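Engineer: I would like the atomic coordinates for the input below:
(3 chains)
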Amino acid sequence: QRQRDERPTIEDFKGIQYTGDDSTFYINFRFRMQNRLKYTTIGGDDLGAEDFEARIRRLRLRMDGYIYNPRLSYSIQLGFTRGDQDYDDTDVVNIVRDAVVFYSFTDNFYVAFGQNKLPGNRQRVNSSGELQFAERSLVNATFNIDRDFGIKAYYSPKIGAIPIHLKGAISTGEGRVSTTTDNGLAYTGRAEFLPLGEFTNEGDYYEGDLEYEETPKLSFGGGYSYNDRTTRTGGQTGTYVMTPLTLKTTFYDAIFKYRGWAYQVEYMKRGVDNPFTTDEDGEVTYAFKGQGVNQQLSYLLDRKLGYEIAGRYTWIKPHRDIRAYEAQTEVIELGLTKYFRAHRLKLQFNASYNVEDGTYRTSHDGNNWAATFQIELGI
Amino acid sequence: QRQRDERPTIEDFKGIQYTGDDSTFYINFRFRMQNRLKYTTIGGDDLGAEDFEARIRRLRLRMDGYIYNPRLSYSIQLGFTRGDQDYDDTDVVNIVRDAVVFYSFTDNFYVAFGQNKLPGNRQRVNSSGELQFAERSLVNATFNIDRDFGIKAYYSPKIGAIPIHLKGAISTGEGRVSTTTDNGLAYTGRAEFLPLGEFTNEGDYYEGDLEYEETPKLSFGGGYSYNDRTTRTGGQTGTYVMTPLTLKTTFYDAIFKYRGWAYQVEYMKRGVDNPFTTDEDGEVTYAFKGQGVNQQLSYLLDRKLGYEIAGRYTWIKPHRDIRAYEAQTEVIELGLTKYFRAHRLKLQFNASYNVEDGTYRTSHDGNNWAATFQIELGI
Amino acid sequence: QRQRDERPTIEDFKGIQYTGDDSTFYINFRFRMQNRLKYTTIGGDDLGAEDFEARIRRLRLRMDGYIYNPRLSYSIQLGFTRGDQDYDDTDVVNIVRDAVVFYSFTDNFYVAFGQNKLPGNRQRVNSSGELQFAERSLVNATFNIDRDFGIKAYYSPKIGAIPIHLKGAISTGEGRVSTTTDNGLAYTGRAEFLPLGEFTNEGDYYEGDLEYEETPKLSFGGGYSYNDRTTRTGGQTGTYVMTPLTLKTTFYDAIFKYRGWAYQVEYMKRGVDNPFTTDEDGEVTYAFKGQGVNQQLSYLLDRKLGYEIAGRYTWIKPHRDIRAYEAQTEVIELGLTKYFRAHRLKLQFNASYNVEDGTYRTSHDGNNWAATFQIELGI
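Structural biologist: Residues are numbered from 1 along each chain as shown, chains lettered A, B, ... in the order given. Modelled structure (predicted):
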């Protein structure tokens, strides 16, 4: 089934479903796991192993449903792996990913109260099950605004035949680790335009064109997040800092699909007045100030068998303020994915070449290669 | 549905129910989440934000059931939020709240082996779903004896028409964090008398009078806990100490309900011979020695619509031994709650004024205001 | 039901079962808890309490099933107690025990990718629900190779009428805590021969003879694990070390069952070229180098009522390299178990005498007694 992380999956489910005797509640229970092997070389011309990543990348349980009637719905997601706990950054074991209540006033206007993803860049909002590479791009990793606790509103009007999605949030600004927060909150807004109409089966939040769109489909999106005086280097993510930072993140993205082809692009930029601060141990640290672009192009080789080939080009450029600490980085990546459609079963092979300072020579210091095999399985 | 935390919920359920093919086991699966926003002012006359509490306060999964026949039952509860893990105090991630096996010899005599709540003060034994304010009182927070691992016995005879509940426990005394313990155990006893007969639907362990009792109902309770040489400041709770403390906690409580009105009062007192000790870092710390009273009065404004208004007055007085570190504190609180009856759905607005040293002036140092909005949702 | 930890339990289940509407997936959900009281004396002739172990020893959820068809199956196990998290050794909260995908090419050849138990000594591979004592032996605790992330293959041919099980694994070598690993991997192989044919109901991986084998049954097993440059004292377990260790672990075991009698023996030996290294705090630490034997003999007193009596003799001898730090230890243990057959309900009483340096006198320093009561309950 398809999902948007912002909304509970209470239609078209494939998980364990249970409806109360008196139909006063409904629950849909799902799980998902991703097992991964990744080999990273020492350098561009030294193919020895720098390290292996060999682990359960994600193991998540999810419960979606409603109480009384579908207008009052909920979404809960728990993550159990070390990577999901965000423990290495925060020293807190964050098991809860989503715990949010929704109320739908109409079919195209609903509000949310609780913790879930912010309406940030498109790739972040895509559930990891909807991605076509094993990981999101380096642009996303560097600038995304992740999850936060707060109040959100979603409005989807139409201008003529053009669907529009407007999303806004006021949230703590410190991400899912937080229990109390100062009065420096985060304000996020995002708008999307779909000039060629809605994608089949909400395919604007699914990377590959598995639906094989018979007419071209396009979505433009853009947004802005103002995170006032956050105490973490990435706002909702990253390690703690002693002097609060105010982060201004801009994002533009687009996705186009047609007959098995999918192209998407994402531009992100983060401004910080003074990116330097100190962490809890008194060491100098900084927020990543700069910009980046990610582009992905894919083609569904065989609709029935579910083979897809994809390419990705990612570029990150740090602002000159932090140039002494961060290099310009590019990643070129190829992916082959085998999808099994009815459920979340996916086999992925990815190969990438990482380039520092714009110097493509394999002998350049900092360049290296990586190869990943990942299996994702879930209901 | 109603529940007493001491007993598994295996009657009158509303969760996901499953009975094995051969009826040799039964399981009732439920979850509950609480999302909260709380605003605390800097002072009584400075309404600026001291901080926001904006978080998932509780996210819990619960499984109750029996194996073979209802005499042999179990109760499991897991808590996943940071607040539930008790990590900030203990440096241990405590996910397991309840894991206990019950054996019922007769309908009114059963024993328990494992970890669950001790038979302490009434408000603590009430599940958080049965409360009428967003949090239990400061009296409870200061003196409650929480959960512990051990052996417990529950006996409910009648003297004439008067139901009596007798409860006893021998437990480790160090709460749910413990794996091994010294021979300083904790001994707890509690008795309850219901001179006007049983409450409708076990309403003596539910704060508001949602059942709208047609005849007056009353329960008196009292008990004592002797926690021999505990290594935590609060016995079953709090940070670790280097020199063991022996805590003697006395509690009396009563609840009265009649036609939508509910009144309850709780007196708690803790004695400690020498409350001062040192924590693991060698800093001086202490057990809270003193006493307190909490009173709550509520009225169900509209039985059908489920609106309830409630007031609370809480008073805590530290013993003179620790007066240099702790001030007398009072809290006056008003609450408006909207209950949706069939399930655990509850909207709560609370407003409170906190008074230090008995000085009600808003300009008094230490006084402040708070306002809370909370939504609780579960099956 | 019976299970082998290496394979998902998708036949003959007793848990919560759910099959998708279109039969494209199946899930079997189970839980298990163990509550324990253990009393350890100060010495062999001083019966005062050294400590009590009073805790939830295990609380686990398990999901097994398949997607599309039974050839593609999965197994997930989560452990929530402090003891299961392995936190005290690693400072990481390890909730995930198993997360593994299986593909069965034929009925007797399948491969696995993910994290689960390595094909090590028999007692370790037995699920804790299949054990006849409250804990595995000291030989197992000292030398077992536990769980690891990697690729495993299982092949079960027959030579004439003799079933053979061959198992192999390549894994990270650092156990379930690891996210990335160096190129020092672990290589494990194991073979089993069943000269008298298969045990009833896979009883070779269940300790007691609850099936009451009418003809004698026997399984021999042996294997070897080469853990190249691991960074933990026990390879897949233990605290971190600064200088990698290469561990060579050999194991031989056998189990024999006949008409209620069960006898099993396990020999394990670990070689380490230089067992001494330093931990993360710079303190000297070491890998346990040496050998040990565990033997267990049990008889099912009453097949219907499920009473079993068992004895155990365990012997551990450290290599002379670490003799200054570790003493020769023997444990003599008696157990009485009451099994309730249809489900995982088990009551266990164990009593043991622990002997250091081969000196059985109760006055010998280091000797002591222990008594355990444990209840296990699950579906």
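
Engineer: near chain C, anything from stretch A:356-372?
Structural biologist: No: Stretch A:356-372 is not in contact with chain C by Cβ under 8 Å from any Cβ of the partner chain; minimum separation 11.8 Å. No exception for glycine: its C-beta is placed from N, CA and C like everyone else's.

Engineer: for the record, mean pLDDT for that stretch?
Structural biologist: For stretch A:356-372, mean pLDDT is 96.

Engineer: and what of stretch A:307-318?
Structural biologist: Mean pLDDT, stretch A:307-318: 97.

Engineer: let's see that stretch as CSV, backbone CA atoms only.
Structural biologist: Below are the C-alpha coordinates for stretch A:307-318, written out as CSV (Å, rounded to 0.1, in the frame of the first residue of the first chain):
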residue,chain,number,x,y,z
TYR,A,307,12.9,-4.0,-12.1
GLU,A,308,13.9,-0.4,-12.0
ILE,A,309,17.2,1.3,-12.8
ALA,A,310,18.0,4.7,-11.3
GLY,A,311,20.8,7.3,-11.3
ARG,A,312,21.5,10.0,-8.7
TYR,A,313,23.7,13.0,-8.7
THR,A,314,24.1,14.9,-5.4
TRP,A,315,26.1,18.1,-4.8
ILE,A,316,26.7,19.8,-1.5
LYS,A,317,28.5,23.1,-1.1
PRO,A,318,29.3,24.5,2.4
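
Engineer: which of the residues in it are buried?
Structural biologist: When neighbours are counted by 16 or more other Cβ atoms under 10 Å in any protein chain shown, the buried residues of stretch A:307-318 are found to be A:308, A:310, A:312, A:314, A:315, A:316, A:317, A:318.

Engineer: now do the helices in chain A.
Structural biologist: With helices called from DSSP state H, chain A shows them at A:82-85, A:87-90, A:122-125, A:138-143.

Engineer: ok, residue A:167 to residue A:90 distance?
Structural biologist: Separation of residue A:167 from residue A:90 (Cβ to Cβ, to the nearest Å) stands at 26 Å.

Engineer: could you dump the buried residues of stretch A:307-318 to CSV with distance to chain C?
Structural biologist: As requested, the buried residues of stretch A:307-318 are exported to CSV (distance: Cβ to the nearest Cβ, whole Å):
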residue, distance to chain C
A:308, 19
A:310, 22
A:312, 22
A:314, 21
A:315, 25
A:316, 22
A:317, 27
A:318, 24
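
Engineer: low-confidence ranges, chain A, go.
Structural biologist: Within chain A, the ranges that satisfy pLDDT under 70 run A:1-15, A:21-22, A:342-343.

Engineer: and it, which residues reach chain B?
Structural biologist: Going by Cβ under 8 Å from any Cβ, the residues of chain A near chain B are A:18, A:20, A:22, A:24-25, A:27, A:63, A:67-68, A:72, A:74, A:76, A:78, A:92-96, A:99-101, A:113-115, A:149-150, A:171-172, A:177-183, A:185.

Engineer: buried members of those into PyMOL, please.
Structural biologist: Entered in PyMOL, the line below selects the buried ones among the residues of chain A next to chain B, by 16+ other Cβ under 10 Å:
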select buried, chain A and resi 18+20+24+25+27+63+67+72+74+76+78+92+93+94+95+96+99+100+101+113+114+115+149+150+171+172+177+178+179+181+182+185
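
Engineer: at the geometric centre of chain A, which residue do we find?
Structural biologist: Per Cα atoms, centre = their mean, the C-alpha nearest to the average position across chain A is that of residue A:124, at 1.7 Å.

Engineer: returning to what we had before: just the buried residues of stretch A:307-318 now: which is nearest residue C:302?
Structural biologist: residue A:308 (61.3 Å; Cβ to Cβ).

Engineer: how close does the closest one get to residue A:209?
Structural biologist: Relative to residue A:209, residue A:308 is positioned 8 Å away (Cβ to Cβ).

Engineer: now residue A:269
Structural biologist: As for residue A:269, its distance to residue A:209 is 28 Å (criterion: Cβ to Cβ).

Engineer: neighbour count winner among those two?
Structural biologist: The neighbour count for residue A:269 versus residue A:209, taken as other Cβ atoms under 10 Å in any protein chain shown, is higher for residue A:209 (26 against 18).

Engineer: which of the helices of chain A sits closest to residue A:259?
Structural biologist: Once the helices of chain A are compared by Cβ to Cβ, helix A:122-125 is nearest, at 21.1 Å.

Engineer: elements contacting the closest one?
Structural biologist: strand A:240-258, strand A:261-272 (3 or more Cβ pairs under 8 Å, 6 or more residues apart in numbering or on different chains; DSSP states H and E).

Engineer: partners of the last one in the sheet?
Structural biologist: As defined by DSSP bridges, the strand partners of strand A:261-272 come to strand A:240-258 (antiparallel), strand A:290-302 (antiparallel).

Engineer: so residue A:172 is in contact with residue A:146, correct?
Structural biologist: No: with contact defined as Cβ atoms under 8 Å, residue A:172 does not reach residue A:146; the gap is 11.9 Å.

Engineer: quick check: neighbours shared by these two?
Structural biologist: Counting by Cβ atoms under 8 Å, 6 or more residues apart in numbering or on different chains, no residue touches both residue A:172 and residue A:146.

Engineer: excluding its backbone neighbours, what's nearest residue A:228?
Structural biologist: Spatially, and ignoring its direct neighbours in sequence, residue A:228 is nearest to residue A:184 (4.1 Å; Cβ to Cβ, 6 or more residues apart in numbering or on different chains).
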